[in-house]
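Novice: Okay, here's the prediction I keep looking at, along with the sequence it came from:
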Amino acid sequence: MKTTKIVVIHDDILEKDPLLVVLREEYGADNVILKKKSKEGLNYVLDNLSQKMVVILDLNFKAGEPSGVQVFEGIRKQTSLVYVIIWTASALEDINREDLKSMINNDALAFMSSTDDIEKIVSKVNSASHQLDIRIDSALEQWISLHPESEKQSPYILSRDGKSYSLNEILQEIRLKTPFGMETEKDILLLAIDMLSRGKKKIDG
């Protein structure tokens, strides 16, 4: 089973919806979450930012609930590392122009119609999951998983201001896009490029 969490935030589908059935077959029942109230969906996402996650988000919710656009903006205020697919009955031309502009500028991964085939939606989810798998934080997670739990929790490096971070904390900082996380991500990239450059002759051979 794939370990990406799929969070569906939609108030007009049931637990036995065909899309959820197919996604649970691919990702496991525990990894596909349906939240019918938009506020609960947003809270779930924000409480689980340390996990690889794809969100399938409706735009229209009942009165008193945050709109899909507000949920999307709430996610983006905290992280750019959660992949969000907009799944709606609204046609693009019917979406408020400023809302549409905001979602596009803040990296909504895709806009899917509620009339699209399940295979098309699942394909987009799989593509998002694959992109998550090849990100730095995912590669780091795989490397960290090889270490004993005691090592994951122990201080591993010091930041420039003298604060210590464990391996698990480094991973979380990268996923939350904190200043330390972004600096560490850049350092990892530079190190990988340097190692690739030094090993170029061996790779070419």
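Specialist: Right, received. Where do you want to start?

Novice: where are the low-confidence patches of this protein?
Specialist: By pLDDT under 70, the low-scoring segments of the chain are 1-2, 89-96, 99-100, 102-109, 138, 196, 198-205.

Novice: Return the longest helix in it, judged by number of residues.
Specialist: Determined from DSSP state H, the single longest helix within the chain is helix 179-198.

Novice: which parts of that helix are buried?
Specialist: By neighbour count, and taking 16 or more other C-beta atoms under 10 Å as the criterion, the buried residues in helix 179-198 are Phe180, Gly181, Thr184, Glu185, Ile188. Yep, even glycine has a C-beta here, placed from its N, CA and C like the rest.

Novice: And the protein, what are its domain boundaries?
Specialist: 5-133, 136-204 (automatic domain parsing).

Novice: now the longest one, how far from the chain's geometric center?
Specialist: Distance of domain 5-133 from its chain centroid, counting by C-alpha atoms, centre = their mean, to the nearest Å, is 10 Å.

Novice: measure it end to end?
Specialist: 12 Å (C-alpha to C-alpha, to the nearest Å).

Novice: Helices along the protein, start to end?
Specialist: Assignment of helices within the chain using DSSP H yields the ranges 18-27, 38-47, 68-78, 97-105, 118-133, 136-144, 149-153, 167-175, 179-198, 200-204.

Novice: closest to Lys5 out of those?
Specialist: Of all those, it is helix 18-27 that lies closest to Lys5, at 8.0 Å by C-beta to C-beta.

Novice: by contact count, what packs against that closest one?
Specialist: In terms of contacts (3 or more C-beta pairs under 8 Å, 6 or more residues apart in numbering; DSSP states H and E), helix 18-27 is packed against strand 5-9, strand 32-35, helix 118-133.

Novice: Point out the most buried one among the ones you listed.
Specialist: Taking mean count of other C-beta atoms under 10 Å as the contact definition, the stretch among the helices and strands packed on helix 18-27 with the greatest mean neighbour count is strand 5-9, which reaches a mean of 24.

Novice: Just name whatever secondary elements it is in contact with.
Specialist: Packing partners of strand 5-9 (3+ C-beta pairs under 8 Å, 6+ apart): helix 18-27, strand 32-35, helix 38-47, strand 53-57.

Novice: right, and the helices and strands packed on helix 18-27 - which one's nearest Met53?
Specialist: In this view, the helices and strands packed on helix 18-27 are compared for proximity to Met53 by C-beta to C-beta, and strand 5-9 is the closest at 4.5 Å.
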